[in-house]
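Colleague: need coordinates for the below:
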Amino acid sequence: GNLCSRNSALIVLLHTPLFLNWLQRYYRAHGQCARRKRCLLCGFNDLANAYWGTDPQRAPRFEDIYLPQVWERVKETFWKDDPVKEQHDVCDFLENFFQQLHRETDAEGWQEARDIFEIRTKNDHVCQTCSHVMGGQTDQKSFLIANFGSEKQPGSDKITEVLKMPQPKFEANCEQCKRQTMQLPREKITYLPEILFVRINRLFYNKKGGTYQLTHPIEAEERLIVPSEILDGPLKSTGEACYELYAIIWHNAQSTPWGHYICVVKDPKGQWAHVDDDDVTLNPSTKAILGHRARQQEAYVLVYRRLPLNRQLQLGPQEVAEVQDVSAVRPTTDDGISGSGQPEPLPRKNPPNDQLPPPQKSASLREQPAHDTVNLDQTIEFAATKLKWDLKEQLIRPVGSGALVQIHGRARIQKAKIQLRFVCEKTGETLIGEGEISLRDPSRRSKKRAAPTVINTRSKKAKKEGRREG
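Modeller: Modelled structure (predicted):
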């Protein structure tokens, strides 16, 4: 049905113990919402406990109560119209889910969630005429995009080769050539998260302006070493960045006009489960998952967790787990999420013996010093179009940068240089621009000047003549 994208996304999140561990710990500090009006944090916590728990009273409520709580919260926030009438992209659902978490989480909690899921990059572009480098902006995103080359070779492409594929060139003004030249965009990763989402860009446009899905096969393995060619900074010099594949979302675009989403996930025992809405197949072979030609052609989102799984983590201002208890960040250990249970996706024949693990005994979210953050609210609207974005972000202020407001003397505005780069991942369209804007401190209001004294310009002689006439 049209909710297959939602179902696939939620199954992946429910099989991400590091995220569930963060959710449980933050949920305890966050408190509880009213039962009838649950926020996304509380709603997903209920959903996870019902999914993994053994309480016979809670399991039937998974689809009747807890799933609608999460769905209604995401739906009312981002999809005002009824989204059931049409299918949505699974990546759009995940992006909206993360944005809503951002809205409901404080600065410290969100910084930890960012360290779990967010990829940080440095972007610039090189003039193909004079090799002058321009840009240098930083970016944050939830998905690492894998683009196919312009010429498809017979056979399949390895995921590592597709990740190294350069982005399409575009034309822009060169600061050094002083004219329009071809530019080669470059993107280097400066921070890799604990959970890495890789999106295979399969949407292409034909000469008539229509779209079609490229079914070129992708060859993925259970271990991914991120190519050093796309890394930068300390990442490039600290050795291999290795990940384990634990979930795949497939998109079959031929079954319906919108296609159909299904997924496979690893349970905490390291065994695969095939989930197609309510239809669950346990323990399919790895060869059937990774070696099946049709599945290689439908692979859309690959989800990885960073190795080694048992290392001590430092997320945000505090550790997620102490050395003596790393069960929550080791989803493939023999002990499962906690205890001796063997969690499986619904329907469960042998549910686990324990619910989700309690919060780790690390420092409280409130005990650590807050990040020096700057809240940025921005609205971007394209003229003569329906394109409009309302964005909320938290920026880290560099150490020693001074106050945010640095307006001195009689000045009432502060100049700021803005550089923007829009890249449509589906179409490859690119827009860049820069400019200078004036920022004002609303607390610095200009003092009202007293009304000037009216000077009587009539001469004394004129006054005397006026008296005589009277």
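
Colleague: count the neighbours of residue 103 for me.
Modeller: By other C-beta atoms under 10 Å, the residues close to residue 103 number 11. Every C-beta, even on glycine, is put in place using the N, C-alpha and C of the backbone.

Colleague: name the nearest residue to it, ignoring sequence neighbours.
Modeller: Closest residue in space to residue 103, ignoring its immediate chain neighbours: residue 392 at 7.0 Å, by C-beta to C-beta, 6 or more residues apart in numbering.

Colleague: so that neighbour, which state does it fall into?
Modeller: strand (DSSP: H, G, I helix; E, B strand; the rest coil).

Colleague: how near is it to residue 422?
Modeller: The spacing between residue 392 and residue 422, counted by C-beta to C-beta, to the nearest Å, is 18 Å.

Colleague: follow-up on the earlier one: which ones are touching the residue nearest to residue 103?
Modeller: 102-103, 375-378 (C-beta atoms under 8 Å, 6 or more residues apart in numbering).

Colleague: out of the residues you listed, which is most surrounded?
Modeller: residue 102 leads the contacts of residue 392 on contacts (other C-beta under 10 Å) with 15 neighbours.

Colleague: what number of residues lie near the residue nearest to residue 143 when sequence neighbours are not counted?
Modeller: Nearest residue to residue 143 in three dimensions, chain neighbours excluded: residue 199, at 4.2 Å (C-beta to C-beta, 6+ apart). The number of residues packed near residue 199 is 21, by other C-beta under 10 Å.

Colleague: wait, is residue 199 part of a strand?
Modeller: Yes - counting by three-state DSSP, residue 199 is found in a strand.

Colleague: show me what the residue nearest to residue 103 is bridged to.
Modeller: On the basis of DSSP bridges, residue 392 is bridged to residue 377.

Colleague: now do residue 266
Modeller: So, taking DSSP bridges as the rule, residue 266 has residue 272 as bridge partners.

Colleague: my guess is it contacts residue 17. True?
Modeller: No - if you go by C-beta atoms under 8 Å, residue 266 and residue 17 don't touch, sitting 10.5 Å apart.

Colleague: returning to that earlier point: which two of the contacts of residue 392 have the greatest separation?
Modeller: 103 and 378 (14.8 Å; C-beta to C-beta).

Colleague: mind listing the strands for the stretch 251-400 of the chain?
Modeller: With DSSP state E, counting those that start in this stretch, the ranges of strands along the stretch 251-400 of the chain come out as 260-266, 272-276, 279-282, 299-306, 373-381, 388-396.

Colleague: comparing those by mean pLDDT, which bottoms out?
Modeller: Confidence, taken as mean pLDDT, is least for strand 388-396 of the strands of the stretch 251-400 of the chain (a mean of 75).

Colleague: packing partners for the helix or strand just after that one?
Modeller: For strand 388-396, the succeeding helix or strand toward the C-terminus, using DSSP states H and E, is strand 413-423. Strand 413-423 sits against strand 133-141, strand 430-440, with contacts defined as 3 or more C-beta pairs under 8 Å, 6 or more residues apart in numbering; DSSP states H and E.

Colleague: again, only this time at 6 Å
Modeller: strand 430-440 (3 or more C-beta pairs under 6 Å, 6 or more residues apart in numbering; DSSP states H and E).

Colleague: the biggest strand by length in the chain - what's its average pLDDT?
Modeller: Longest strand in the chain, counting residues (DSSP state E): strand 179-191. For strand 179-191, mean pLDDT is 92.

Colleague: contacts for it next, please.
Modeller: 120-129, 167, 169-174, 230-233 (C-beta atoms under 6 Å, 6 or more residues apart in numbering).

Colleague: also stretch 227-247?
Modeller: With C-beta under 6 Å, 6+ apart as the criterion, stretch 227-247 contacts 12, 122, 160, 163-164, 188-190, 192, 196, 222, 224-226, 265-266, 303-307.

Colleague: can you tell me which of these are buried?
Modeller: 12, 122, 160, 163, 189-190, 192, 196, 224, 226, 265-266, 303-306 (16 or more other C-beta atoms under 10 Å).

Colleague: any idea of the angle the longest strand of the chain forms with strand 430-440?
Modeller: On the basis of axes from the mean of the first three to the mean of the last three C-alpha atoms, to 10 degrees, strand 179-191 is oriented at 80 degrees to strand 430-440.

Colleague: dump strand 179-191 to CSV, restricted to CA.
Modeller: Written as CSV, here are the backbone C-alpha positions of strand 179-191 (Å, rounded to 0.1, in the frame of the first residue of the first chain):
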residue,chain,number,x,y,z
ARG,A,179,33.6,34.9,-16.8
GLN,A,180,31.4,31.9,-17.0
THR,A,181,33.4,28.6,-17.0
MET,A,182,32.7,24.9,-16.3
GLN,A,183,33.1,24.0,-12.6
LEU,A,184,33.8,20.6,-11.1
PRO,A,185,32.0,20.3,-7.7
ARG,A,186,33.9,18.4,-4.9
GLU,A,187,32.5,17.0,-1.7
LYS,A,188,34.7,15.7,1.1
ILE,A,189,33.4,14.1,4.3
THR,A,190,34.7,15.6,7.5
TYR,A,191,32.6,13.6,10.0
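
Colleague: now do the helices in the protein.
Modeller: With DSSP state H as the criterion, the chain has helices at 4-14, 17-30, 40-52, 61, 67-78, 90-104, 107-117, 159-163, 234-237, 286-290, 293-298, 460-469.
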